[in-house]
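Enquirer: based on what follows, work out the 3D shape:
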Amino acid sequence: MKDVVSHLLHYLDKQASIIKVLIDKEGVIIHANAFTEKLAGKSLQAMPVQSLFTEFNANLKADRFLSEELNYTMLNVNTHSTIPETFYFTSFKVPEGMLLIGEADNAETEELRQNMISLNNELNNMARDLQKKNIQLEQLNQLKNQFLGIAAHDLRNPIASIIMFSEFLLESEDHTISDELRKMIEAINKSSEFMLKLLEDLLDVVKIESGKLQLNIETTDIENLLRNNIGVNALLAGKKEIKLVLNVPETLPAPAIDPIKIEQVLNNLISNAIKFSHKQAKVTISAVTTGDYILISVQDQGQGIPKNELDKVFTPFSQISVESTAGEKSTGLGLSIVKRIIAGHLGRIWVESDPDGKSGARGTTFYFTLPINRKTT
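Expert: Numbers count the residues shown, from 1 in each chain. Down below sits the predicted model:
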């Protein structure tokens with residue numbers, strides 16, 4: 001019998017998942033089993049019994065444990081994780097003082113377990129539904145891209161023909177074309193050019209979203225690329241008497257890039273700078289080496305972009321409150337395409353703006369980086 005009692009006490013002290021605490025007649029802990037000290041995260045020897053419980057049970061006095069026996073009384077226990085746990089305590093008088101036994105409510109634990117299983121099943125069902133919806137959305141997105149691609153491709157040729165015929169009429173010396181009719185032809189020509197630009201941008205978006213952004217990487221003289229691109233945009237700038245300035249204070253390394261795509265980036269940024277600048281302003285295109293990257297910026301002296309609208313500029317079809325200075329139209333897709341192109345080059349693009357001129361220079365600056373040591377393929 002003594003062996004059975006000895007084994008039982010050893011089990012309660014070393015293995016059982018219950019609280020077993022022996023306190024003396026002063027309310028000081030004489031002994032706590034392994035489970036209790038693991039729960040507390042420290043040795044409880046010689047500590048007052050109140051320290052075992054949370055402040056919620058602060059009204060418990062040691063003399064209560066010693067004067068009256070507890071019968072399945074719910075108490076909150078401090079734990080090493082700082083999250084209290086609830087146990088139901090029963091006490092027994094012993095020669096040393098009082099023995100406290102605390103156990104979890106098995107029915108409550110089982111209910112919590114069942115609730116967790118139920119919630120986990122619901123979460124799994126929701127995850128499956130979400131995965132199914134994501135697949136459906138991806139399929140719809142692919143269909144949308146196919147439709148846009150077909151529509152844009154099929155519309156491009158007839159619109160290009162309208163542009164060509166309208167230009168032919170505008171260049172004609174036929175005096176039977178009245179001034180009023182000529183203005184109508186000019187309007188047709190401008191609208192058609194805008195439509196063609198929109199279609200080209202839509203085709204670019206479709207290619208990018210379909211994962212078909214193809215980059216023909218080659219080592220490129222970036223300063224020469226910038227200089228040629230400024231020459232291309234000089235005619236557009238000249239119409240508004242805007243001066244394009246190239247600022248390259250140092251010899252630049254030759255990065256591995258897709259020169260055609262980077263020209264597309266520059267065309268968009270420079271044409272935007274011209275579009276939102278007033279007559280006789282200046283647009284500065286700069287390039288410097290910074291670490292492993294070439295940093296290129298396009299700075300205008302325009303109206304600037306309000307701070308709360310800066311996040312919108314790279315979002316497709318987003319509209320900001322700033323208007324072009326000569327009624328130029330925008331497709332709302334250019335900067336989103338630019339961002340994808342720069343990301344494809346493993347670079348970064350961002351914008352800074354000061355619409356109030358508080359920094360001393362009113363206007364907007366777009367920055368983008370290109371890695372210098374990207375390998376050609």
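
Enquirer: and residue 21, that's in a strand?
Expert: Yes - counting by DSSP: H, G, I helix; E, B strand; the rest coil, residue 21 is located in a strand.

Enquirer: check which helix or strand the closest residue in space to it that isn't next to it in sequence maps to.
Expert: Spatial nearest neighbour of residue 21, excluding adjacent residues (Cβ to Cβ, 6 or more residues apart in numbering): residue 100 at 4.4 Å. To be clear about C-beta, it is placed using only N, CA and C from the backbone, and glycine gets the same treatment. In the assignment (DSSP states H and E), residue 100 maps to strand 97-103.

Enquirer: and after that strand, which helix or strand comes next?
Expert: Toward the C-terminus from strand 97-103 - assigned by DSSP H and E - lies helix 106-171.

Enquirer: and the helix or strand following that following helix, what does it pack onto?
Expert: Along the chain past helix 106-171, the next helix or strand (assigned with DSSP H and E) turns out to be helix 179-209. When contacts are defined as 3 or more Cβ pairs under 8 Å, 6 or more residues apart in numbering; DSSP states H and E, helix 179-209 packs onto helix 106-171, helix 334-344.

Enquirer: what's the least confident stretch among those?
Expert: Looking at the helices and strands packed on helix 179-209, the lowest mean pLDDT belongs to helix 106-171 (a mean of 81).

Enquirer: tell me what angle it forms with helix 179-209.
Expert: Between helix 106-171 and helix 179-209, the angle comes out at 140 degrees (axes from the mean of the first three to the mean of the last three Cα atoms, to 10 degrees).

Enquirer: how far does helix 106-171 sit from the chain's center?
Expert: 18 Å (Cα atoms, centre = their mean, to the nearest Å).

Enquirer: low-scoring stretches of this protein, by residue?
Expert: Where the chain drops to pLDDT under 70, the residues are 1-2, 55-65, 108-109, 145, 148-149, 152-153, 174, 211-212, 357-361, 375-377.

Enquirer: same question for the residue nearest the centre of the chain, what's its three-state structure.
Expert: In the chain, the centroid-proximal residue (Cα atoms, centre = their mean) is residue 311; its distance is 11.8 Å. Under the three-state scheme (three-state DSSP), residue 311 adopts helix.

Enquirer: could you measure from residue 136 over to residue 31?
Expert: Remark: distance between residue 136 and residue 31 (Cβ to Cβ, to the nearest Å) = 63 Å.

Enquirer: same check on residue 162?
Expert: In this view, residue 162 and residue 31 are 96 Å apart by Cβ to Cβ.
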